[in-house]
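Novice: Any chance you could fold what I've pasted below:
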Amino acid sequence: MNKIILSQLNDPMSLDQVANRGSLLVGAFSVSDTKIDPKIFHSWKSAGLLPTLPKGGWAKPSFIDLLLLDTYETMRKFGCSRNLMKAVCKKLFYDAYEVNLGKLTLEKNYAFLKNLATKRNLTFEEEQYLNSTQNVLNDQVYMSVLDRGINYFSQLVNNCFIENNEVGLIIYLDGSFSTYETKDSANIKADLSVPHILIPISSFIKKFIADDEKEAFLQKSGILNEQEFEVIKLIRKKNVKRITVTLNNKVVQKIETEETGLIHESDVELLKQILCLRQYDSIELNSRDARTMSFTKTKRIYMDK
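Specialist: Residues are numbered from 1 along each chain as shown. All right, here's what the predicted structure looks like:
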């Protein structure tokens, strides 16, 4: 499993463009939001399969927890054993805790910023992050909480947002398994010539994005920035005439509204996916009240604090 560290991300940094990964770890949902049978949910929790949730008290799953639960539920429906679920959980979570991945990641981020400060002046936001990282590293109580959130599963999810990779889990007939990341699902670097189950975690992310009830979370968490969320708001207000999207591959896609100002729901879902997963280079929106809104994609960095 590879760690994602700040020094591996593109420079120069602009932390006002950061969607803080921590917001994806905050317990923002209820058990009913998971769509998992409550008895199954609590049995998994009692078995230690949800290590980011406290063992006692009221469970408030995070975005990352929802994706993990979707993974388990898919495994369950394919007949995977509880022991196999535990093996997956150990590899993606408990192995990360054993190597103290949270502390190691923050220390690398801190060292990177300190080194960057010797080459140029840090921005105000970078200085803030440097100071807050040092404070967190010195706070044993906070670190004990943060360590549970930084794991190989959450970093796999981050890569879906950072690199727009397809990510997921492959399980083989003998019970072995591995994760995968690829730009093209047709080119997964794994042995697909033998019987296997392929669980695309990216599909769970896309399903979440498509859910209208989750739009407020998309904005609050920073998955959508202000300009991107404004596009969604104008669509909901039926104040859109035309949207022109230039995709990452330079293909231009136009979405036209009907006379009523409505956009077909399938187009809305596609547009939300393009915005959330940063699959565009630029957006131009022409409103029905003769306004024009245009912007280009800004760099988004998911950090480990």
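
Novice: the helices in this structure, which residues?
Specialist: Along the chain, the segments classed as helices by DSSP state H run 38-46, 63-77, 82-89, 95-98, 101-117, 124-137, 140-149, 152-162, 201-210, 215-220, 226-236, 265-276.

Novice: Can you tell me which of those is nearest to Asn248?
Specialist: helix 265-276 (9.2 Å; C-beta to C-beta). In this view, the C-beta of every residue, glycine as well, is placed from N, C-alpha and C.

Novice: Correct me if wrong: Leu116 contacts Leu122.
Specialist: Yes - if you go by C-beta atoms under 8 Å, Leu116 and Leu122 touch, sitting 6.6 Å apart.

Novice: Of the helices of the chain, which shows the lowest average pLDDT?
Specialist: Lowest mean pLDDT within the helices of the chain: helix 140-149, a mean of 70.

Novice: Contact partners for Leu130?
Specialist: By C-beta atoms under 8 Å, 6 or more residues apart in numbering, the contact list for Leu130 reads Tyr110, Leu113, Lys114, Ala117, Leu122.

Novice: Specify the residue ranges that define each domain of the protein.
Specialist: Residue ranges for the domains of the chain, per automatic domain parsing: 6-100+150-208, 213-296.

Novice: what about those, which gets the closest to Leu137?
Specialist: Leu137 lies closest, by C-beta to C-beta, to one member of the domains of the chain: domain 6-100+150-208, at 11.5 Å.

Novice: how far out from the middle of the chain is that closest one?
Specialist: Centre-to-centre, domain 6-100+150-208 and its host chain are 10 Å apart (C-alpha atoms, centre = their mean, to the nearest Å).

Novice: thinking again about what came up before, with mean neighbour count added, can I get the domains of the chain in TSV?
Specialist: Output for those, formatted as TSV (neighbours: other C-beta atoms under 10 Å):
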stretch	mean neighbour count
domain 6-100+150-208	17
domain 213-296	15
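
Novice: Can you add distance to Met143 and give the ones you listed back as CSV?
Specialist: Below are the domains of the chain laid out as CSV (distance: least, C-beta to C-beta, whole Å):
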stretch, distance to Met143
domain 6-100+150-208, 9
domain 213-296, 22
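
Novice: Of all the ones you listed, which one is nearest Asn135?
Specialist: The closest of the domains of the chain to Asn135 is domain 6-100+150-208. By C-beta to C-beta, the value is 14.2 Å.

Novice: check contacts around Ile197.
Specialist: Going by C-beta under 8 Å, 6+ apart, Ile197 touches Met75, Phe78, Cys80, Ile170, Ile171.

Novice: Let me have those in TSV, extended by distance to Ile232.
Specialist: Shown next, in TSV, are the contacts of Ile197 (distance: C-beta to C-beta, whole Å):
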residue	distance to Ile232
Met75	33
Phe78	34
Cys80	36
Ile170	34
Ile171	36
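
Novice: Determine the number of other residues adjacent to Gln140.
Specialist: When counting by other C-beta atoms under 10 Å, one arrives at 7 neighbours for Gln140.

Novice: That one and Asn164, how far apart?
Specialist: 37 Å (C-beta to C-beta, to the nearest Å).

Novice: Could you give the bridge partners of the nearest residue to Met293 once chain neighbours are set aside?
Specialist: Spatial nearest neighbour of Met293, chain neighbours left out: Leu285 (4.5 Å); criterion: C-beta to C-beta, 6 or more residues apart in numbering. Beta-bridge partners recorded for Leu285 (DSSP bridges): Ile243, Met293.
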